[in-house]
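Engineer: 3D model of this:
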Amino acid sequence: MDRFIGKRLDGRYEIHELIGVGGMAYVYRAYDRVEDRWVAIKILKEEFSNNSDFLRRFRNESKAIAVLSHPNIVRVFDVSFGDQIQYIVMEYIDGITLKQYIEQEGVIRWNEALHFTVQILMALEHAHEKGIIHRDVKPQNIMLLQDGTIKVADFGIARFLQSETQTMTDKAIGSVHYIAPEQARGDYITDKADIYSVGVMLYEMITGKLPFEADNAVSVALMQLQAKPVMPREVNPSIPRGLEQITMKAMEKNPVDRFQSAGEMLDDIEEFRRNPSMVFQYDLQTGAAHYDASRSMDAYDNSRFTPNYNDNYEYEEELVRSRKRAKGSMVVKGVLAAAVIVLLAVGAVYLLNTWKDSSKENDQIVMPDFVGKIYAEEVAGNEEYTKNFTFKLKEGNNPDKQPGEILKQSPNSGMTVKKGREVELTINGKIEKVDVPVLENYRQEDAIKLLSDVGLKYKIESVPSDDVEVGKVVKSDPQAGQSVDAGSEVKLFVSTGPAKKKITIPDNLKGELLFNVTAKLEDAGLKIGTVTQDDSSTEAANIVLSTNPAPGSSVSEGSVVDIVVSSGKNSPKTLRYDVGLPSGVDQDILLKVYRSGTLVDTQTINPAYDSTYTLEFTGTSGVETVVVELDGQNYLYLDFDFDSSNVRETKSFDYVPSGGSDEPDSSSSESSENSSSDIAE
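Structural biologist: The predicted model follows:
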């Protein structure tokens with residue numbers, strides 16, 4: 001029997017069952033008696049507890065997750081690095097991995113694949129903003145809940161952006177189907193490596209196949225470096241052209257040619273979801289994207305996956321160089337053996353990837369910390385900065401900071417980058433607000449002038465319209481009268497006249513989730529317009545309340561449909577909390593529960609038979625105080641917060657059996673927050 005099952009760690013975590021085994025840790029389902037919730041506990045394997053490298057990686061994971069707080073990232077609650085045992089306490093996820101779902105479904109419907117991809121990218125965008133690269137993004141590390149929610153897990157080899165290069169370890173080799181070429185080669189890793197891995201996962205979801213497969217990990221790694229994947233539409237012709245382009249751009253061999261951030265990829269996905277028939281024109285130098293349906297893409301497709309650096313390694317020559325640099329070492333002997341013995345090929349690749357061209361180091365520089373400096377005084381006039389970087393300026397607004405002060409930078413400080421790198425700086429300054437003018441039924445050129453007059457940019461999208469003349473604006477997004485930042489972009493939907501083909505807006509859209517409705521509309525050949533949130537609705541968040549035009553309406557193919565959804569702010573929420581009853585008591589106790597001062601429940605209980613008592617209340621908004629009494633003694637004070645969907649324990653008291661004092665214990669607990677896993681919607 002497992003030596004941990006049935007044990008209690010640090011007096012609070014009761015371990016119930018083993019639920020997973022990783023390369024360096026076991027994962028257990030456990031019950032947290034203090035917070036009354038189920039958790040997952042990752043315990044470092046005993047054989048690694050004295051290994052400084054594994055300890056560093058294990059502690060690095062906890063450090064990485066601890067700074068992250070995002071609904072699509074598995075939360076960490078607690079860490080312990082004792083002499084005998086090292087463990088991390090995390091959110092318990094009741095679901096399956098994305099890999100299991102892919103294997104179960106085969107090819108995933110592209111709308112659904114994008115639904116998953118968007119959540120993964122939002123999680124990675126949050127991590128990257130915190131200066132953390134995941135480094136091991138793969139469907140085995142993505143958890144899928146029953147409601148379609150994604151949770152990114154396992155930051156086991158995550159690194160902060162300023163960390164040094166890491167070679168392809170045994171863990172990376174295990175994930176070799178998803179690692180970026182620079183990671184397989186052992187080069188410096190940036191957040192673009194995670195973008196590549198997302199591209200591979202998207203490829204796998206929409207085609208049902210991995211882009212590169214071979215008999216062993218080393219062969220796959222070499223294919224990541226050199227081979228061109230089969231285009232997704234050759235595997236699955238039903239994939240739209242724009243989605244194929246997004247997928248392949250994310251999988252560019254050279255990081256410079258990929259999306260430069262998770263946010264940039266999200267933007268293009270959003271553009272595509274609004275118009276699935278669009279074709280991107282990705283500029284080969286800058287990676288910028290815009291719509292051009294008339295351009296022939298054949299030359300583009302043939303040019304994309306030709307690396308602008310030499311990936312055709314002469315492996316024997318590289319091994320000789322490695323041998324010269326590390327003459328006499330046991331590692332080199334392993335490499336020489338690997339050149340002859342195929343079974344040791346992994347060792348050969350490991351050594352090959354540790355090789356670094358010293359000339360690259362001369363082109364690298366550590367990113368300074370610009371945040372807090374006055375741009376005009378301390379950066380623009382500093383020759384050392386202007387010599388090594390080019391600056392792109394954005395305007396921010398923080399009344400607590402000085403005018404001209406740098407609020408944010410990208411890349412982050414401490415990161416090693418190439419000299420000449422463009423650095424985006426957000427400079428503090430007041431951002432003017434302007435109202436979007438009325439643009440409907442104006443000719444395109446007149447609408448553009450109206451936007452220009454108030455300092456707004458524009459983007460044109462052609463749509464059919466049965467009611468608006470050709471060349472005139474059907475609608476704008478944002479809509480007329482909405483207040484936006486000066487310099488913002490307004491999308492103009494310009495009429496191409498009635499379409500030959502008519503589409504009937506699908507029925508039964510009301511009450512559906514937004515994602516399902518947008519998928520139905522897009523599948524029907526329609527475009528998604530403005531999505532507006534209604535705070536007054538009692539429906540759950542993202543439930544569709546209405547569409548314009550309404551379901552059943554006959555419109556031209558490609559017409560724009562606006563959607564109104566519930567914000568969820570006024571929807572009923574049911575919150576649940578398990579009250580732990582006093583231990584060592586075997587007599588009947590009178591329990592009373594007060595909700596906002598009103599007695600709502602009276603029960604006779606016996607802790608010897610039931611160790612917990614469940615509270616469950618439904619509300620829409622606000623915070624309600626709940627008091628639990630045992631035999632007339634105050635036992636527990638709780639705040640049921642229906643705005644944040646959390647239950648907080650604000651004060652607890654020791655229960656004194658009959659005949660004792662009911663004064664509160666001096667060590668009563670304060671303000672411990674109950675996790676979302678205790679909440680039932």
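
Engineer: Show the pLDDT at residue 581.
Structural biologist: Listed pLDDT for residue 581 reads 92.

Engineer: State the distance from it to residue 45.
Structural biologist: 36 Å (CB to CB, to the nearest Å). Where C-beta positions appear, they are placed from N, C-alpha and C, glycine not excepted.

Engineer: So the two - more neighbours on which side?
Structural biologist: Set residue 581 next to residue 45 and count neighbours by other CB atoms under 10 Å: residue 581 wins out with 21 against 16.

Engineer: how would you label the residue nearest to that one when sequence neighbours are not counted: helix, strand or coil?
Structural biologist: Once flanking residues are discounted, residue 581 sits nearest to residue 607: 4.0 Å by CB to CB, 6 or more residues apart in numbering. At residue 607 the chain is in coil, as set by DSSP: H, G, I helix; E, B strand; the rest coil.

Engineer: buried sites along stretch 404-419?
Structural biologist: 404, 405, 406, 407, 408, 409, 410, 411, 412, 415, 416, 417 (16 or more other CB atoms under 10 Å).

Engineer: State the pair within the residues you listed that is farthest apart.
Structural biologist: 404 and 416 (27.8 Å; CB to CB).

Engineer: so where's this structure uncertain?
Structural biologist: 1, 23, 48-66, 82-83, 155-174, 283-362, 399-400, 430-432, 659-681 (pLDDT under 70).

Engineer: okay, now the domains of it?
Structural biologist: 8-91, 96-303, 315-356, 367-428, 433-566, 573-678 (automatic domain parsing).

Engineer: can I get the ones you listed in JSON lines with distance to residue 2?
Structural biologist: Below are these laid out as JSON lines (distance: least, CB to CB, whole Å):
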{"stretch": "domain 8-91", "distance to residue 2": "6"}
{"stretch": "domain 96-303", "distance to residue 2": "21"}
{"stretch": "domain 315-356", "distance to residue 2": "30"}
{"stretch": "domain 367-428", "distance to residue 2": "41"}
{"stretch": "domain 433-566", "distance to residue 2": "40"}
{"stretch": "domain 573-678", "distance to residue 2": "23"}
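
Engineer: most tightly surrounded among those domains?
Structural biologist: Most buried of these, by mean neighbour count (mean count of other CB atoms under 10 Å): domain 96-303, with a mean of 19.

Engineer: sorry, back to before: from what I can see the residue nearest to residue 581 touches residue 582, true?
Structural biologist: Yes - using CB atoms under 8 Å, residue 607 makes contact with residue 582 at a distance of 5.7 Å.

Engineer: what residues do the two have in common as contacts?
Structural biologist: Common contacts of residue 607 and residue 582 (CB atoms under 8 Å, 6 or more residues apart in numbering): none found.

Engineer: For residue 642, which non-adjacent residue is closest in space?
Structural biologist: residue 619 (4.2 Å).

Engineer: Just grab the bridge partners of that neighbour for me.
Structural biologist: Beta-bridge partners recorded for residue 619 (DSSP bridges): residue 573.

Engineer: so it makes contact with residue 640?
Structural biologist: Yes - if you go by CB under 8 Å, residue 619 and residue 640 touch, sitting 6.9 Å apart.

Engineer: what touches both of those two?
Structural biologist: The contact lists of residue 619 and residue 640 share residue 575, where a contact means CB under 8 Å, 6+ apart.

Engineer: returning to that earlier point: and the gap between the residue nearest to residue 581 and residue 385?
Structural biologist: For residue 607, the distance to residue 385 equals 67 Å [CB to CB].

Engineer: quick one: contacts for the closest residue to residue 491 other than its chain neighbours?
Structural biologist: Nearest residue to residue 491, sequence neighbours excluded (CB to CB, 6+ apart): residue 477, at 4.5 Å. By CB under 8 Å, 6+ apart, the contact set of residue 477 is 490, 491, 493, 529, 530.

Engineer: Could you look up the SS state of the second one?
Structural biologist: Translated: residue 491. strand.

Engineer: which residues touch it?
Structural biologist: So residue 491 contacts 458, 459, 460, 461, 476, 477 (CB under 8 Å, 6+ apart).

Engineer: correct me, but the third one touches residue 494?
Structural biologist: Yes - taking contacts as CB under 8 Å, residue 460 lies within contact range of residue 494: 5.7 Å.

Engineer: Give me the common contacts of the two.
Structural biologist: Joint contacts of residue 460 and residue 494 (CB under 8 Å, 6+ apart) are residue 444.

Engineer: Please look at residue 648 and residue 637 and confirm they touch.
Structural biologist: No - if you go by CB under 8 Å, residue 648 and residue 637 don't touch, sitting 9.4 Å apart.

Engineer: What distance do you get for the nearest residue to residue 238 once chain neighbours are set aside to residue 230?
Structural biologist: Nearest non-adjacent residue to residue 238, counting by CB to CB, 6+ apart: residue 110, 7.8 Å away. Separation of residue 110 from residue 230 (CB to CB) stands at 17 Å.

Engineer: got it, and residue 504?
Structural biologist: 37 Å.

Engineer: Could you point out the helix or strand that follows the helix or strand harbouring residue 515?
Structural biologist: Taking DSSP states H and E as the definition, residue 515 sits inside helix 514-523. Sequence order places strand 527-534 as the next helix or strand after helix 514-523, per DSSP H and E.
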